[in-house]
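Undergrad: how would this look folded up:
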Amino acid sequence: MKRETGMENQTTLDADDTECTGCAPDPAIVAGFQRAIRAVGGKWKLEILFALMNGAMRFGVLRRSLAGITQHMLTMQLRELERDGLVSRTAFSEKPLRVEYDLTEAAYGLLPAFRELLNWSRLYGARRA
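TA: Numbering: from 1, shown residues only. Okay, the predicted model is just below:
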């Protein structure tokens, strides 16, 4: 069974070749893919983004929703997600200080990918459990 990955359109064929075996994908496409993976890659980033899909959360609530994450790790991952433009941090000038984290428009663009991952999990996830 031949599987299509969507990368087929990104390869070129020599005049003598009927199929491009061993062709590498376009480096610009690989670089774009690597940027995306680095932005959401990490042990907790996808879980954090998924937890924030329903709206803004305070740090403590977010930490309690992610069983097993340490305060240090959550802080570090949130800073990286903010740096990459996926999470926004809003500090309210109240006593005590209130800080909320929310997804940016760029992060909401990942919603279709999350839906597909959930569909994949329903179809194939039980095999791994």
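Undergrad: so where do the helices sit in this structure?
TA: Counting by DSSP state H, the segments of the chain that form helices are 27-40, 45-51, 59-65, 71-83, 105-108, 111-120, 126-128.
Undergrad: how about the spatially most central residue of the chain, what does it touch?
TA: The centroid of the chain falls nearest to Val40 when counting by CA atoms, centre = their mean (3.5 Å). By CB atoms under 8 Å, 6 or more residues apart in numbering, the contact set of Val40 is Leu46, Leu49, Leu86, Leu110. Heads up, the C-betas are built off the backbone N, CA and C, glycines and all.
Undergrad: again, 6 Å this time
TA: By CB atoms under 6 Å, 6 or more residues apart in numbering, the residues touching Val40 are Leu46.
Undergrad: quick one: contacts of stretch 90-97?
TA: Counting by CB under 6 Å, 6+ apart, Arg98, Val99, Glu100 sit against stretch 90-97.
Undergrad: repeat that for 7 Å
TA: By CB atoms under 7 Å, 6 or more residues apart in numbering, the residues outside stretch 90-97 that reach it are Arg98, Val99, Glu100, Asp102.
Undergrad: Residue ranges in the chain under the pLDDT threshold?
TA: Along the chain, the model assigns pLDDT under 70 to residues 1-21, 128-129.
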